[in-house]
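> sequence and predicted structure, then a few things I'm wondering about:
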Amino acid sequence: MLRWVRPPRQARSQETLERLLDAAEQLVAEKGFADATIAELVRRAGSSVGAFYARFRDKDGLLYALYERYLEQAVATADAALDPGRWEGAPIPEILRAVVPFLVAVHRERQGLIRAFVLRNHVDPEFRARQERLSHHVNASLSRLLLARAGEIRHPDPARAAAFGLAMVVSSIENVVLFGELRSRVLTLSDDELAAELSRAFLAYLGVTARSARTPEPTEP
């Protein structure tokens with residue numbers, strides 16, 4: 001089962017910072033970054049305004065710190081989820097039918113926080129550069145898995161198809177989960193349905209014939 005990874009921290013020196021970041025993450029998820037106030041944040045963290053400004057220059061500094069922690073966790077999560085050893089013997093459909101629902105779940109669970117990051121990416125080149133490094137890391141890891149199974153892919157350019165397919169999936173998840181777009185009576189999907197449709201679209205774009213499970217090992221006579 002895929003799960004979000006939180007790398008271990010050096011405990012005591014990080015405790016106050018982690019409490020502030022945890023409270024900020026919760027507050028942003030509930031109210032959005034613009035409506036999250038420092039006063040409510042320090043109250044929830046059981047801290048003080050002085051402790052806040054000892055660690056962040058302002059709210060923007062807090063957002064950068066949240067992003068740095070998120071990126072660290074996202075890289076650790078990608079490394080664990082896309083470790084080739086985890087998927088040894090698995091065909092592409094099995095990989096994508098686990099990875100795509102996981103991406104949907106991560107965006108749903110951290111909807112407010114990721115939306116704040118995406119909005120900032122549009123106006124802040126430094127933020128965007130960090131996001132591009134993360135996208136490149138995830139893309140390279142997933143592409144490595146898919147291209148190790150290039151024999152399953154019928155697209156004429158498997159490397160481009162792997163990269164473009166992931167970009168298509170992530171963009172769709174952001175539009176639907178973060179911003180509520182594609183909403184209509186026909187396109188109102190649950191998260192499970194969204195993940196299933198995106199997995200199907202990714203597989204079709206790659207030209208992979210869907211298989212629901214690993215090929216069973218031959219049994220001894």
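Done, it's in.
> which elements pack onto the helix or strand where Arg130 lies?
Under the criterion of DSSP states H and E, Arg130 resides in helix 125-147. Applying 3 or more CB pairs under 8 Å, 6 or more residues apart in numbering; DSSP states H and E, we find helix 125-147 packed against helix 59-81, helix 92-109, helix 111-121, helix 158-173. Quick note: C-beta positions are derived from backbone N, CA and C, even for glycine.
> tell me which of these lies nearest to Glu30.
Closest of the helices and strands packed on helix 125-147 to Glu30 is helix 111-121, at 6.7 Å (criterion: CB to CB).
> now do the residue nearest to Gly46 when sequence neighbours are not counted against Pro84, distance only.
Distances taken as CB to CB, 6 or more residues apart in numbering put Arg19 closest to Gly46, at 6.6 Å, once the chain neighbours are dropped. According to CB to CB, to the nearest Å, Arg19 stands 37 Å off from Pro84.
> more neighbours: which of the two?
Arg19 (16 against 11; other CB atoms under 10 Å).
> ok, that one - contacts?
Contacts for Arg19 (CB atoms under 8 Å, 6 or more residues apart in numbering) come out as Ala45, Gly46, Ser47.
> I only care about these that end up buried; give me the ChimeraX line for that.
Typed into ChimeraX, the line below selects the buried ones among these, using 16 or more other CB atoms under 10 Å:
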select :45,47
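> out of the contacts of Arg19, who's nearest Leu147?
Ala45 (44.5 Å).
> and Gly207, how far from Val169?
According to CB to CB, Gly207 stands 16 Å off from Val169.
> okay, these two: which has more neighbours?
Taking neighbours as other CB under 10 Å, Gly207 and Val169 compare with Val169 leading, 22 against 13.
> and the angle from the helix or strand bottoming out on mean pLDDT in the chain to helix 92-109?
Taking mean pLDDT, DSSP states H and E as the measure, the chain has helix 11-31 as its least confident helix or strand, at a mean of 83. Helix 11-31 runs at 80 degrees relative to helix 92-109, counting by axes from the mean of the first three to the mean of the last three CA atoms, to 10 degrees.
> check contacts around the nearest residue to Ala163 once chain neighbours are set aside.
Once flanking residues are discounted, Ala163 sits nearest to Asn139: 5.4 Å by CB to CB, 6+ apart. Contact analysis of Asn139 by CB under 8 Å, 6+ apart lists Ala162, Ala163, Leu166, Ala167.
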